[in-house]
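Q: compute the structure for the input listed below.
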Amino acid sequence: MALISAQYGADVALGQVFIGSTAAAGVSMPLYSSTTQVFCLWNPAGSGKNAYLLNCAIGFVSGTATVSNVVYAYSTGMGSAIGTAAPVVTFTKVSPVNAYLGSTNQSAMFFAPATVTTTSAPTFLKSMGVSIATFTPTATVTPMFTIFDNINGSLALSPGTTLFVAGNVANAVVADISLMWEEV
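A: Take a look at the predicted model:
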């Protein structure tokens, strides 16, 4: 193998780095403590892996923003089953993309870029450190923002844990969200 100088180059070449994204049309971020979420990374119990978060990017698509912060929320003891009697009631499961494009390595994580319903509300973990100001797009003014959080592996999901990207308040702004993680 050739020497790789990119920060995560060796991990990408090993097929251990994955990307989960919403549709380019985006989603409206709910309140972090809602039992209905729209962006979730779930490390199912029994996966045998930890998910080390590398970065999260959020881009404005449309809508009227409310003063808010983008935050991470989490839940533990989530098991690995989806259903009425499980901690996760509904889950729009989508396969994450391996960052080594063309790799056949599959993620051990469950990823949902749309509807997720849980029986208990997630717990606030931390702010991304970015606030969204109030604005209303017009024909002449279209606000733009990009939020990037370089987590750099300082946060990990152990088996049976979920992570949500949400707002500290519900927000009508529509944004696309991407999360990159490494599985070890």
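Q: pLDDT below threshold where in the chain?
A: Within the chain, the segments meeting pLDDT under 70 span 1-4, 134-145.
Q: the nearest residue to residue 110 once chain neighbours are set aside: which element?
A: Nearest residue to residue 110, sequence neighbours excluded (C-beta to C-beta, 6 or more residues apart in numbering): residue 42, at 4.1 Å. The C-beta positions use only the backbone N, C-alpha and C, and glycine is treated the same way. Secondary structure assigned from DSSP states H and E places residue 42 in strand 40-43.
Q: what's downstream of that strand, the next helix or strand?
A: Following strand 40-43 in sequence, per DSSP H and E, is strand 51-62.
Q: buried stuff in that next one?
A: Using 16 or more other C-beta atoms under 10 Å as the test for burial, strand 51-62 gives 51-61.
Q: coming back round to it: partners of the strand holding residue 42 in the sheet?
A: In the sheet, strand 40-43 lines up against strand 110-112 (antiparallel), strand 161-167 (antiparallel) (DSSP bridges).
Q: so which of these comes closest to residue 91?
A: Judged by C-beta to C-beta, the one of these that comes nearest to residue 91 is strand 110-112, at 5.2 Å.
Q: after that closest one, next one along is what?
A: Once the chain leaves strand 110-112, the next helix or strand it forms, by DSSP H and E, is strand 116-118.
Q: how about that next one: buried residues?
A: Neighbour counts using 16+ other C-beta under 10 Å place 116, 118 of strand 116-118 among the buried residues.
Q: just give me the closest of the buried residues of strand 51-62 to residue 8.
A: The closest of those, once distances to residue 8 are taken by C-beta to C-beta, is residue 54, at 6.5 Å.
Q: the closest one and residue 12 touch, don't they?
A: No: with contact defined as C-beta atoms under 8 Å, residue 54 does not reach residue 12; the gap is 10.2 Å.
Q: residues in contact with stretch 24-32?
A: Under the criterion C-beta atoms under 8 Å, 6 or more residues apart in numbering, residues 36-39, 59, 61-63, 70-73, 113-114, 122, 124, 164-177 lie in contact with stretch 24-32.
Q: hey, what's residue 98 bridged with?
A: Beta-bridge partners recorded for residue 98 (DSSP bridges): residue 18.
Q: which residue ranges form the helices in the protein?
A: 9-13 (DSSP state H).
Q: so what's residue 166 closest to, chain neighbours aside?
A: Of all residues not flanking residue 166 in the chain, residue 32 sits nearest, at 4.0 Å (C-beta to C-beta, 6+ apart).
Q: spit out the contact partners of the closest residue to residue 70 other than its chain neighbours.
A: Of all residues not flanking residue 70 in the chain, residue 128 sits nearest, at 4.5 Å (C-beta to C-beta, 6+ apart). With contact taken as C-beta under 8 Å, 6+ apart, residue 128 is in contact with 56, 69-72, 147, 149.
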